[in-house]
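Student: Prediction below, plus the sequence it came from.
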Amino acid sequence: AQTVTQSQPEMSVQEAETVTLSCTYDTSESDYYLFWYKQPPSRQMILVIRQEAYKQQNATENRFSVNFQKAAKSFSLKISDSQLGDAAMYFCAYRSPQGGSEKLVFGKGTKLTVNP
Amino acid sequence: DTGVSQDPRHKITKRGQNVTFRCDPISEHNRLYWYRQTLGQGPEFLTYFQNEAQLEKSRLLSDRFSAERPKGSFSTLEIQRTEQGDSAMYLCASSLGWAYYNEQFFGPGTRLTVL
């Protein structure tokens, strides 16, 4: 079974600085998707960024970028120029289309605090 | 707002009671998912529907849990004979099945507390 591990329960960053959140996963499949979701306090989860495993180029979305290392099964999220609104729980998630499964497998999350 | 909506947002019940939650997906989304999130954990998949057909169920979905999606629109999740271990946030998500990436859009969740 696929597993997703986020080894940092909590992280903090100063406003305007850069922070990197770690994620590793375990799978025997070659085709899959990886996601980072943001869950602000008492608000719904939203997709931050996504990556297809066959793409070597790392995904970027404005201040958010990933470092995807397929061989190492690593998928870290870098947030540049951190803003107070970035404070949230961040979840790394995995999905494989193999066998028609649509489920997302999530890590336990990293709580990000942004200090002014 | 045309996002995923869930009702109720909070539910407190006594052990042994039955509860039912409702999820209204984004209109035109043909896929609907249920997840459960306990404190300090990431969401765990429970089940998903494509239109009205329930296509995948997790082993977490015990026989006390049942989900339906009549007519392929809204969905209900019922928990019978609730136990304290059922206390969690129940999240619903929907997606446009044939869209690239098949991004899942999440609702605000229903927080269940079983006393």
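Tutor: Perfect, I can see it now. Numbers count the residues shown, from 1 in each chain, chains lettered A, B, ... in the order given.
Student: From here on, just use CA atoms for contacts and neighbour counts.
Tutor: Fine.
Student: Helices along chain A, start to end?
Tutor: Per DSSP state H, chain A has no helices. Nothing in it meets that criterion.
Student: wait, what's in contact with the spatially most central residue of chain B?
Tutor: Central residue check for chain B by CA atoms, centre = their mean: the C-alpha nearest the mean position is that of B:W34, 3.2 Å away. With contacts defined as CA atoms under 8 Å, 6 or more residues apart in numbering or on different chains, B:W34 is in contact with B:F45, B:L46, B:T47, B:Y48, B:Y90, B:L91, B:C92, B:A93.
Student: Nearest residue to it in space, please, no chain neighbours.
Tutor: B:C92 (4.6 Å; CA to CA, 6 or more residues apart in numbering or on different chains).
Student: which outside residues touch the helix or strand the one you found falls within?
Tutor: Per DSSP states H and E: B:C92 is located in strand B:88-95. For strand B:88-95, the surrounding residues in contact (CA under 8 Å, 6+ apart) are B:4, B:6, B:23, B:25-26, B:29-39, B:43, B:102-113.
Student: so which of the contacts of B:W34 comes closest to B:E78?
Tutor: Taking CA to CA as the measure, B:E78 sits nearest to B:Y90 out of these, at 11.1 Å.
Student: Write out the residues of chain A neighbouring chain B.
Tutor: Counting by CA under 8 Å from any CA of the partner chain, chain A comes close to chain B at A:33, A:42-47, A:91, A:101-109.
Student: mind checking which helix or strand of chain B has the lowest mean pLDDT?
Tutor: When the helices and strands of chain B are scored by mean pLDDT, DSSP states H and E, strand B:53-57 comes last with a mean of 92.
Student: I'd like the next helix or strand past that one.
Tutor: Past strand B:53-57, further along toward the C-terminus, the next helix or strand under DSSP H and E is strand B:65-68.
Student: immediately after that following strand, which helix or strand?
Tutor: If you walk from strand B:65-68 toward the C-terminus, the next helix or strand you reach (DSSP H and E) is strand B:75-79.
Student: Tell me which residues touch the residue positioned nearest the centre of chain A, please.
Tutor: With distances taken as CA atoms, centre = their mean, chain A has A:W36 as the residue nearest its mean C-alpha position (3.1 Å). Taking CA under 8 Å, 6+ apart as the contact definition, A:W36 lies against A:L47, A:V48, A:I49, A:R50, A:L77, A:Y90, A:F91, A:C92, A:A93.
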